[in-house]
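> Kindly return the folded structure for what I paste below:
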Amino acid sequence: MECIMQGIIETQHVEGLAVLLQGLCGSQRQAVKIHDLCLKSGPNLGQVPSEMHLMCDLSHQEPRWIVRHVGGAMRGAGAEQMPALVRSVLNCRISNNALRFFHSLGYKLDHELLQTGFKFQFHKVVPITVSVTSVCKIPKLHMIEEAVPITPGLQLVEVSASTSGDNYTEVAAAVSGLAEQLAP
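Numbering: from 1, shown residues only. Got it, this is the predicted structure:
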């Protein structure tokens, strides 16, 4: 599970936010460069459509691949009172031939995105990640060099932390508290 809050910032204010984050965090920013391949299930995989993300972290010397499944948000009376979105998420490291594997299972490539920017790791009640990224569409298959920003002039800000069924209330409060410090 994860707790997450998302927002946007104008590109002209990103460096100011980075200075604030560095002051709050006390450590240097880390580069983010993620190639995200969104796969959707085909008709032979059951009645309920599913979506998987194959994500390649290109910010390291050796690219790292994970498969990510994002489930639905928590529902019910308790969910409405949460200060942050709580949802199920499953991440698993995979090899670089996973695209071929998922194609053989019946998944089809729906779209590709490239996220570039930076992140900071906080260690509050729980480890919290704040990422600031430009989300770009990739017009030609696997040609990340030709990526074009989806929202020029705006960047995505995400404050997120892993959680479990036992402590999601405290984690949501910690995520919300940090997000409030970043609000203008």
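
> Do a quick rundown of the helices in the chain.
Under the criterion DSSP state H, the chain contains helices at 14-25, 77-80, 98-105, 168-182.

> Compare the mean pLDDT across those helices and name the weakest.
Looking at the helices of the chain, the lowest mean pLDDT belongs to helix 77-80 (a mean of 78).

> what's the least confident helix or strand in the chain, going by average pLDDT?
For the chain, counting by mean pLDDT, DSSP states H and E, helix 77-80 ranks last in confidence among helices and strands (a mean of 78).

> what about it, distance to the chain center?
On the basis of CA atoms, centre = their mean, to the nearest Å, helix 77-80 is displaced by 23 Å from the centre of the chain it belongs to.

> End to end on stretch 138-156, go ahead and measure it.
Counting by CA to CA, to the nearest Å, you get 17 Å between the two ends of stretch 138-156.

> Which positions in that stretch come out as buried?
Of all the residues in stretch 138-156, those buried under the rule 16 or more other CB atoms under 10 Å are 138, 144, 147, 155-156. Heads up, the C-betas are built off the backbone N, CA and C, glycines and all.

> In this structure, which residue is most central in space?
Nearest to the geometric centre of the chain sits Glu158, at 7.3 Å (CA atoms, centre = their mean).

> For it, name its beta-bridge partners.
Following DSSP bridges, Glu158 is listed with bridge partners Gln6, Ser131.
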